[in-house]
Every structure is written in C-alpha cells, then in structure tokens.
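**Student:** Give the three-dimensional model of this entry:
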Amino acid sequence: MSAKIIAFSAVVATASAFAPTAGFVPRLRSGATSVNMAMDKSAKAPVITIFDHRGCSRAPKEYTGAKAGGKDDEMMVKAQSVKIEVSTGTAEGVLATSLAKMTK
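**Tutor:** Next up, the predicted model:
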C-alpha cells in the first residue's frame, strides 16, 4: 500500500512541477526586453567532425595533446563554429522548393 502512495505522490509532484503558476499572465514584451532576443545574423553554425583512426596505419596529426593510453587515442571529436557561406541562387532555390512543398 505504501508503494502506491509513494508512486501517486511522485506523479502529483511531477505534474505540479510542470504546471504554470496561478499568477502567470502572458504579456507582450517591451522594446527593452526584446533587444537581447534578436536573431543572430552572424550566419555561424556548429560543424562537428569525427575522426576515427582505429586500425589506420596513417599517423594522426590532428590531436597534439596528451595520450590516454587506450583505444581513445585513435578517436577524436572536433566541434567548431563556422560561418556558412551560401550563394543567393542556392538560397532562392531552397526557398522555392520549401514553398512548393508547403502549399501541397
């Protein structure tokens, strides 16, 4: 019986954690608060490269840090932020394709 009470209490606690507060009223944001919410126009995106040299005879030159002493020495994940360059023609083609699929 106590297990049922504990399970019920957990469900109630979870539901109340995700319920909005009674005094919450959505409002329009003023100009001062929306300034920091502007879209990032830097055109940068994360680029993730995975290097897996397990079983490869080529000496890895990408990583120059200390070795772990195991199979992880032959693997590496590189994450970087790169500015994405897209031509206007490519952008127009993607837009046209997207709009054509949205009307169907």
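
**Student:** what mean pLDDT does stretch 46-63 have?
**Tutor:** For stretch 46-63, the per-residue pLDDT values average out at 82.

**Student:** Revised request: answer the last question for stretch 9-17.
**Tutor:** Predicted confidence along stretch 9-17 averages 67 (mean pLDDT).

**Student:** How about the residue nearest to the spatial centre of the chain: which residues does it bridge to?
**Tutor:** Nearest to the mean C-alpha position of the chain, by CA atoms, centre = their mean, lies Pro46 at 8.8 Å. Note on Pro46: beta-bridge partners Ser81, judged by DSSP bridges.

**Student:** Look up how far Gln80 lies from it.
**Tutor:** Going from Pro46 to Gln80 by CB to CB, to the nearest Å gives 7 Å. Any C-beta I mention is one placed from the backbone N, CA and C, and that applies to glycine too.

**Student:** and if you look at Gly65?
**Tutor:** Per CB to CB, Gly65 is found 16 Å from Gln80.
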